[in-house]
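K.L.:
Give me a 3D structure for the following:
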Amino acid sequence: MMRPLFLVAVACSFHCCFSFVPFPNDIVQLLGETHFSISTNALLAVASDLLQANPNSDDAASTSRIKQLKNLSAKSLLKAYYGTFFSPREAVLRFGEAIDEITDSNKDTDTNGATKSRAAMHFDAEAFASGQDQLIRNRKLAEKAILDGDYAMARGFVGKLLHTLQDFYSHSNWVEMGMTAPNDVLAREGMKIANVARPDQPTCLDCLGVICKDNILPEINANFILTSGYYREGAQWQVDELGNGIVKNAAYGKCSHGGPLDTSSLIHSIGGINKDSARKLLSPLGHDLHYAAANLAKLASIKVLNEIREAVGDKPFLKFLNLDQQLKTIVYVIDTTSSMSEELPRIQASISTIRQQLLEYKASLDDGVQLQYILVPFNDPDPGYITKTYDIDSFLNGIAALSASGGGDCSEPSIGALIRALDASQSDSPIYVFTDASAKDGHLLSAAASLIAEKQDTVTFITQKGCDHKKRSTLSKRQTVSNPYSHLASLSGGQVLNVEAVDLSKLSTLVVQSIQGSPTTIFFQSSQGNAVKTSSFNFYVDAACSNVVISATGTNLRVSVTSPSGRGTKLFSDPVINSSSTFVGGLNTAAAGFQYGMVLTIAIQSSGAFTSQVTALTSLDYTYSLYYYDSSSTLQYGRNGFETIEGYPLQGKPLAIYVQPNAYTDGSAAVLSSITLLSDVSGLPMDSQLLNDAGNGAYIGLLAVPSQPFRIQVIGKDASGNYLSRIGSTIRPSDIEFTLGNDAYPLMLLPGERKSRTLLLHNYGLKGTFVVSVTADKDATFTFSTVRNITISHLETVSFDISVLASGIATDGFSTLVTVTAASQNRMNTVKFVAVFAVDSVFHYNTEETYNYPNRVSSGCNRSRVNGKRRCSTYTADSIRDVE
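P.N.:
Model (predicted):
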């Protein structure tokens, strides 16, 4: 499914760069290596060694096939590993998702407000001591998260770690000193970076030309004295670990970062020493050293990843990279209140048709995939017990044992039940919610939406008549949107299906299809109104699509599909659901006259509003990331003109969308041409722009955030020249926005300590009262101020603190993701930050031992063990230090 990468933006610079360019863009071929390419290549190299050390037990030739690979990719690596037992799409996508999470966190360091201006995160302004502390902290937190089984959190820490590590080689004079191997001290606890230039020591000469070959003072490099450049003039652009502004003092003759955005490069010493790119304009001194710096950054990234692997062990590290045994889950969430007394027996009667199809599908899976079934019944007020099993008969028997009772009113705690299901599920799972009632716990909507974004599950609501439907549209006092089911289904790429009892027996086809892979939307249309009308729309099915499903919801609904020849009766397989309000049917691609790429026409008749979409499993799909960009000359976003979007995008802001093929897709298999924002309400285009080619099958589109919910559609042609369309799930813009105060990242707490995180809430819409709530993915460890009502006028900003209290039960380095949400009716936004429970060892590092740089060029450090201690054996004897 074409989906956003968890609202975590990647950073791009069309005209300049801050560190190694965050990811490929339209001038990347001229710029050189990027944070994305360096990190991806390092991860693939480490994964290659990891899989060779853990060979496929079913295929003895897997190791030799991996060794013979010339070009590593997620797809080629796993194909070599699994061989004839290869389950291609899902295995590659899982591995690709792990790489994406790491590289997104890496790129986010340049655009996130909490990290982009922090000198230590980029080894700027000679912040070597605090930069080393950042490396050690993120490494320790990553290792702890992996051992705790929190792999998503670990990937975030590793991404930050790799970014800072890679910036050392781009921003310091390590390469200029003649070093040809990575700095063995970096990210190693108990070691500190020595031979750093004094705060008042001159390090650079003025350079008045575009090219600054000799910007660094000769004696600095000759004596192996480390320095790095300052970035931008003004305390708001660069801060220390306490949030204090860092300003370059012209009296000392310090180096600058350099490049067109660096205003400090115009202050003595004039010039710049970064090696971020291969272009002279962006890297005046270091453009010819760019590839040497990038190579060392890659070697250093491989080195630290292998050290993390050694610290945690191979099995946890396989899970960290999503290379472990794949687990797929199917989740049923069933309302068992008394109003379901007629519907529940029909659900139970329909499950007999599921068993055989699920057994056949399970038999088709290779030995590396397990299928788990999860049952989440719910009642009011009792939530019921969750059942998780690998045995299909236990799952079906659990459904058969349910009985309807209790409840009493025509609204049930369905959102809370969905949250429990999301918590229990694996990522990318289909979740089916069966109910006949509206949600009484709409105040939990933001928590459910956050989990959907994190898990990327697809939620489908199966609703039936029985409870008073007039109450479906009513709002509870704390409800935040008028239709919670539609809201959550659209966010996840699912649907709300209003089915009749006769249709339940055919749902098995839909369930089995959903677990075969995440379906991708290739056509979407919606219409509002009460008049009876028939609307016709054209769509196309390209050759990369299979298992094509057409679905629609409406009133007195009739659906037909015809080809140019007028054929229609045989274009549908036996419909799964065909009622007056819902249609779900498969497209018969084997029908006479059907051709991939041909124009198909769907006709929808409804006496009211309707929604229709066409989905398919596809081997050609894309992911996208959203971020704000600076469309003016004010460069308000600082280092590279781009800003991470925290939460939902803000209406009206310039929007950059980065589109890239997923791990299984060959980027050359299609050429995209344009990007369109479709209204989720009307289905009509709201904005459309040509895409800029970013290289390697990726693209960038520049638009503006609309004022209503929207979907992203990319359009192009496949290798055969046939029309291609891919459409994402719903994105809901907001007119309120959170920003974090300039606090340290992450929030660190000692046992029993209470700390506050300052947040700013900006209201760009009408005056409103917002409920602020706080949740955490491991909330047993911390306590919060849970609910607060804040009234904000138009264009007003309110500052408030979220107080976090650490209990004494967590282990050192335990981390949790805190989500803060503000909501009022249909207006909502969120912001997230990480809180870490720690003892002194996480705050203070044993950096008494120094590391003296050699008086000759290093040839690398080959570790050996002497008396159980690691030693670096290739430097001068005086430079060797034991590390426990």
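K.L.:
average pLDDT for the helix or strand harbouring residue 770?
P.N.:
Per DSSP states H and E: residue 770 is located in strand 768-776. For strand 768-776, mean pLDDT is 86.
K.L.:
How about stretch 444-460?
P.N.:
83.
K.L.:
Same question for stretch 600-619.
P.N.:
The pLDDT scores in stretch 600-619 average 90.
K.L.:
just stretch 624-635 next, same as before
P.N.:
70.
K.L.:
How about stretch 430-439?
P.N.:
89.
K.L.:
centre of the chain versus that stretch, how much separation?
P.N.:
Relative to the centre of its chain, stretch 430-439 is centred 27 Å away, using CA atoms, centre = their mean, to the nearest Å.
K.L.:
Check stretch 613-631 too.
P.N.:
Distance, centroid of stretch 613-631 to centroid of chain: 12 Å (CA atoms, centre = their mean).
K.L.:
got the buried residues for the strand holding residue 770?
P.N.:
Within strand 768-776, the residues that count as buried by 16 or more other CB atoms under 10 Å are 768, 770, 771, 772, 773, 774, 775, 776. (Each C-beta comes from the backbone N, C-alpha and C, glycine too.)
K.L.:
Just send those residues back as JSON lines, with distance to residue 68 too.
P.N.:
Shown next, in JSON lines, are those (distance: CB to CB, whole Å):
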{"residue": "768", "distance to residue 68": "62"}
{"residue": "770", "distance to residue 68": "59"}
{"residue": "771", "distance to residue 68": "59"}
{"residue": "772", "distance to residue 68": "57"}
{"residue": "773", "distance to residue 68": "54"}
{"residue": "774", "distance to residue 68": "52"}
{"residue": "775", "distance to residue 68": "49"}
{"residue": "776", "distance to residue 68": "47"}
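K.L.:
Which residues outside stretch 61-79 are in contact with it?
P.N.:
Contacts to stretch 61-79, defined as CB atoms under 8 Å, 6 or more residues apart in numbering, come from residues 41, 44-45, 47-48, 51-52, 55-56, 80-83, 86, 88, 91-92, 95-96, 99, 663-664.
K.L.:
Just the buried subset of those, please.
P.N.:
Buried among the contacts of stretch 61-79 (16+ other CB under 10 Å): 41, 44-45, 47-48, 51-52, 56, 80-82, 86, 91-92, 95-96, 99, 663-664.
K.L.:
The strand holding residue 770 packs against which elements?
P.N.:
helix 445-455, strand 782-784, strand 787-792, strand 815-824, strand 827-837 (3 or more CB pairs under 8 Å, 6 or more residues apart in numbering; DSSP states H and E).
K.L.:
got the CA positions of that strand in PDB?
P.N.:
What follows is strand 768-776 as a C-alpha-only set of coordinates in PDB (Å, rounded to 0.1, in the frame of the first residue of the first chain):
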ATOM      1  CA  GLY A 768     -11.600  26.800  20.300                       C
ATOM      2  CA  THR A 769     -11.300  24.800  23.500                       C
ATOM      3  CA  PHE A 770      -8.900  21.800  23.100                       C
ATOM      4  CA  VAL A 771      -8.600  18.800  25.200                       C
ATOM      5  CA  VAL A 772      -4.900  18.000  25.700                       C
ATOM      6  CA  SER A 773      -4.100  14.300  26.500                       C
ATOM      7  CA  VAL A 774      -0.900  12.500  27.000                       C
ATOM      8  CA  THR A 775      -0.200   8.800  26.300                       C
ATOM      9  CA  ALA A 776       2.900   6.600  26.200                       C
END
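K.L.:
Strand partners (parallel or antiparallel) of it?
P.N.:
Its sheet considered, strand 768-776 pairs with strand 787-792 (antiparallel), strand 815-824 (antiparallel) by DSSP bridges.
K.L.:
Including mean pLDDT and distance to residue 239, could those strands go into a markdown table?
P.N.:
A markdown table is the format used below for the strands paired with strand 768-776 (pLDDT from 0 to 100; distance: least, CB to CB, whole Å):
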| stretch | mean pLDDT | distance to residue 239 |
| --- | --- | --- |
| strand 787-792 | 83 | 28 |
| strand 815-824 | 85 | 22 |
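K.L.:
Can you tell me which of these is most buried?
P.N.:
Among those, ranked by average contacts under mean count of other CB atoms under 10 Å, first place goes to strand 815-824 (a mean of 23).
K.L.:
now it, how far from the chain's geometric center?
P.N.:
17 Å.
K.L.:
got the angle between it and strand 827-837?
P.N.:
Strand 815-824 and strand 827-837 are oriented at 160 degrees to each other (axes from the mean of the first three to the mean of the last three CA atoms, to 10 degrees).
K.L.:
Next, the angle helix 445-455 makes with strand 815-824.
P.N.:
Using the same axes, to 10 degrees: strand 815-824 against helix 445-455 is 140 degrees.
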